[in-house]
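Participant: Fold the following.
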Amino acid sequence: ARACVGMTTEELDIIVHEAIIERNAYPSPLNYYNFPKSCCTSINEVICHGIPDERPLVAGDILNVDIGVFFKGMHIDLNETFFIEDETTKVDDATKKLVHVAHDCLEQAIASCKPGMMYRDLGNVIHRAVNKHGFDIVRNYCGHGTGRHFHCTPDIPHYKNNKAIGVMKPGHVFTIEPMINVGLWYDKLWPDNWTVVTQDGKKSAQFEHTLLITESGVEVLTKRTKGSYIDRFI
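Facilitator: As a prediction, this is how the structure comes out:
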């Protein structure tokens, strides 16, 4: 099913939940530290961890859907940002640029991964891809190790000159998930203790993959079997 104008994020959550259960897997976010839903849905100024609800999607929105799956004893984690449009109202060009930059900086970070690379250097790669467009990178939330545990070491900041510890080695599994803001990087937390929004109310976009370091480079474990969502808009 495709997110569209008039659909609620609660409806999307039900679709995600049922699709995962049908495949004999479990939605990793559900009941994780009391998170109440099976996926995160973050609209416009919501950076991450938005809780699905009854708000209908509106033409011109951008929507990030973040999905984690626990299958055969292992977790994976991924997300994409979608354009919500109809025949008369499209996502504006400035917001589309934000989404494309969020996608491209992840791709550049993935391309740099290989045995021997320091995790902290990913922030420098992402900074170079983002800064030239005038956007900013969220600092309080980061990529992470995953596998038998949903979130574990290493922590992987997405901004330059960070102090992350560790070197990539074959067999390491982790996520990269840079959150890119139109305005400044500062965020604030809603009273639900989950929803993170931009402090200035401007939009944010994000893409995420789970990666495996191999002997010769990197494998994207959450890659689509054909193309990617963003390919349809280039």
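Participant: would you list every one of the helices in this protein?
Facilitator: Under the criterion DSSP state H, the chain contains helices at 9-22, 93-112, 121-131.
Participant: the inter-axis angle of the longest one versus helix 121-131?
Facilitator: Angle, helix 93-112 to helix 121-131, by axes from the mean of the first three to the mean of the last three Cα atoms, to 10 degrees: 150 degrees.
Participant: For the residue of the chain most remote from its centre, which non-adjacent residue is spatially closest?
Facilitator: Largest separation from the mean C-alpha position in the chain: Thr88, at 28.1 Å (Cα atoms, centre = their mean). Closest residue to Thr88 apart from its sequence neighbours, by Cβ to Cβ, 6 or more residues apart in numbering: Ala59 at 7.3 Å. Every residue, glycine included, has its C-beta placed from N, CA and C.
Participant: so what's that neighbour scoring on pLDDT?
Facilitator: For Ala59, the pLDDT comes out at 97.
Participant: which residues does it contact?
Facilitator: Val5, Ile84, Glu85, Asp86, Thr88, Thr89, Lys90 (Cβ atoms under 8 Å, 6 or more residues apart in numbering).
Participant: just Leu122 next, same as before
Facilitator: Contacts of Leu122 (Cβ under 8 Å, 6+ apart): Ala109, Ser112, Cys113, Gly143, Ile156, Pro157, His158, Ala164, Ile176.
Participant: Could you report the separation of the third one from Cys105?
Facilitator: In other words, Cys113. Cys113 is 13 Å from Cys105, where distance means Cβ to Cβ, to the nearest Å.
Participant: so what sits against both of those two?
Facilitator: In contact with both Cys113 and Cys105: no residue, using Cβ under 8 Å, 6+ apart.
Participant: quick one: low-confidence parts of the protein?
Facilitator: Within the chain, the ranges that satisfy pLDDT under 70 run 1, 227-234.
Participant: Just the ones of the contacts of Leu122 in strands?
Facilitator: In this view, those that belong to strands under DSSP state E are Gly143, Ile156, Ile176.
Participant: Now render the contacts of Ala59 as TSV, adding distance to Lys226.
Facilitator: Output for those, formatted as TSV (distance: Cβ to Cβ, whole Å):
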residue	distance to Lys226
Val5	26
Ile84	23
Glu85	22
Asp86	26
Thr88	30
Thr89	29
Lys90	25
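Participant: Show me the two of those that sit farthest apart.
Facilitator: Ile84 and Thr88 (12.8 Å; Cβ to Cβ).
Participant: For the residue nearest to Lys114 when sequence neighbours are not counted, list the residues it contacts.
Facilitator: What sits nearest to Lys114 in space, not counting adjacent residues and going by Cβ to Cβ, 6+ apart, is Gly217, at 5.0 Å. Applying Cβ under 8 Å, 6+ apart, we find Gly217 in contact with Cys113, Lys114, Pro115.
Participant: let's see 10 Å
Facilitator: Applying Cβ atoms under 10 Å, 6 or more residues apart in numbering to Gly217 gives the contacts Ile110, Ala111, Ser112, Cys113, Lys114, Pro115, Met168, Pro170.
Participant: Which of these are buried, as a ChimeraX select command?
Facilitator: Restricted to buried positions by 16 or more other Cβ atoms under 10 Å, the ChimeraX selection for those reads:
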select :110,112,113,115,168
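Participant: and of the contacts of Gly217, the nearest to Pro52?
Facilitator: Nearest to Pro52 among these, with distances taken as Cβ to Cβ, is Ile110, at 27.8 Å.
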